[in-house]
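Chemist: Need coordinates for the below:
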Amino acid sequence: MFQPKLTLVIGFVAFATLACAQYTIQPKPITEGSSLVFTKEQIFDLRVHSHGMSFGYTKAEIKTWYKTTYSYFDIGSLRNAREHSQNFKFFNQGIFQESSKAFVYGKKNSLYALRAGIGKRRSFSEKARKKSIVVGMSYEYGVTLGLLKPYYLKLTRFIDGGAEQEISVEKYSEENHDLFLDETLIFGGAEFRHGLSELKLRPGVHGKIGMNFAWGNVDRIIKAVEVGIMGDFFLSSVPIMVEGPNRPYFLNLYLTAQFGKRS
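Modeler: Numbers count the residues shown, from 1 in each chain. Got it, this is the predicted structure:
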């Protein structure tokens, strides 16, 4: 499944690069005499990828019209490929009436990633018209701090083995293995707050490479999209699912929307 997606992205990037080279990239400055000289950029990123999403902030220094260096920070989620959300839409008629929430069957931990690092972006032109597209390539690398949070479910338990039931909020353990994996006894997912005091750290590294498409580079306002490949690599397997496979790495195709300003 990954290979066709990768081929599609590479094909799109190649086509877009050729198209922009023919119609929008200008080899020389066309705003002669302009008094606007930008040296800094501040950018907010919203990224979706094959195994989750992230939100980030980038602070960049414009070295030349061709080259920009930057540092960045982002926070987001990473999912196992076997995670699938479902909801049986149960309704509890007890004292605290409530409807069931969506849950992921067989999941025992959620993984969140804090990333920080440095990168470079190379543009394929000096300047372009305000309404043209500037094509570039970027790469970045840095450290990843994974936050592993126990995943809690609301499970139906029978009181003293009788017919009366109660809803119990539980995380996975060897003791409740059969109950945790019994779909007929899962009422739904528990609230996000459960497990916040039990976070565990998973250190690692990450890197990415992609093609960047910006709407002109003479504007103060930054509007761009980026598409490419990224990877997070941890020191050991990350136990997200009760029944594996659980791997120490996550390889993703990504699409990023960027908004910011130059100064």
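Chemist: those helices in the stretch 1-150 of the chain, which residues are they?
Modeler: Remark: helices assigned in the stretch 1-150 of the chain by DSSP state H, counting those that start in this stretch are 2-23.
Chemist: Below-threshold pLDDT in the protein: ranges please.
Modeler: Across the chain, the ranges flagged by pLDDT under 70 are 1-36, 89-98, 125-131, 161-163, 216-218.
Chemist: Can you tell me the strand partners of the longest strand belonging to the chain and which way each runs?
Modeler: Assignment by DSSP state E gives strand 133-150 as the longest strand of the chain. According to DSSP bridges, strand 133-150 has the following sheet partners: strand 109-123 (antiparallel), strand 200-215 (antiparallel).
Chemist: got TSV for those strands, with distance to residue 159 too?
Modeler: Bear in mind the C-beta positions are built from the backbone N, C-alpha and C, glycine included. Listed next are these as TSV, based on distance: least, Cβ to Cβ, whole Å:
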stretch	distance to residue 159
strand 109-123	29
strand 200-215	33
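Chemist: Export those to a markdown table and append columns for distance to residue 59 and mean neighbour count.
Modeler: Below are those laid out as a markdown table (distance: least, Cβ to Cβ, whole Å; neighbours: other Cβ atoms under 10 Å):
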| stretch | distance to residue 59 | mean neighbour count |
| --- | --- | --- |
| strand 109-123 | 10 | 19 |
| strand 200-215 | 16 | 18 |
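Chemist: now the helices: where do they sit in the stretch 151-263 of the chain?
Modeler: For the stretch 151-263 of the chain, the helices defined by DSSP H, counting those that start in this stretch cover 177-180.
Chemist: just to revisit the earlier point, how about the longest strand of the chain as PDB, C-alpha atoms only?
Modeler: What follows is strand 133-150, C-alpha atoms only, in PDB (Å, rounded to 0.1, in the frame of the first residue of the first chain):
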ATOM      1  CA  ILE A 133       4.800  29.900  -7.700                       C
ATOM      2  CA  VAL A 134       8.300  29.400  -6.400                       C
ATOM      3  CA  VAL A 135       9.400  25.800  -6.300                       C
ATOM      4  CA  GLY A 136      12.000  24.700  -3.800                       C
ATOM      5  CA  MET A 137      13.300  21.700  -1.900                       C
ATOM      6  CA  SER A 138      13.800  21.400   1.800                       C
ATOM      7  CA  TYR A 139      15.300  18.900   4.300                       C
ATOM      8  CA  GLU A 140      15.400  18.800   8.000                       C
ATOM      9  CA  TYR A 141      16.500  16.600  10.900                       C
ATOM     10  CA  GLY A 142      16.500  16.600  14.700                       C
ATOM     11  CA  VAL A 143      15.500  14.900  17.800                       C
ATOM     12  CA  THR A 144      12.100  13.400  18.700                       C
ATOM     13  CA  LEU A 145      10.700  12.900  22.200                       C
ATOM     14  CA  GLY A 146       8.000  10.400  22.200                       C
ATOM     15  CA  LEU A 147       5.300  10.600  24.900                       C
ATOM     16  CA  LEU A 148       3.600   7.200  25.500                       C
ATOM     17  CA  LYS A 149       0.200   7.500  27.200                       C
ATOM     18  CA  PRO A 150      -1.800   4.500  28.400                       C
END
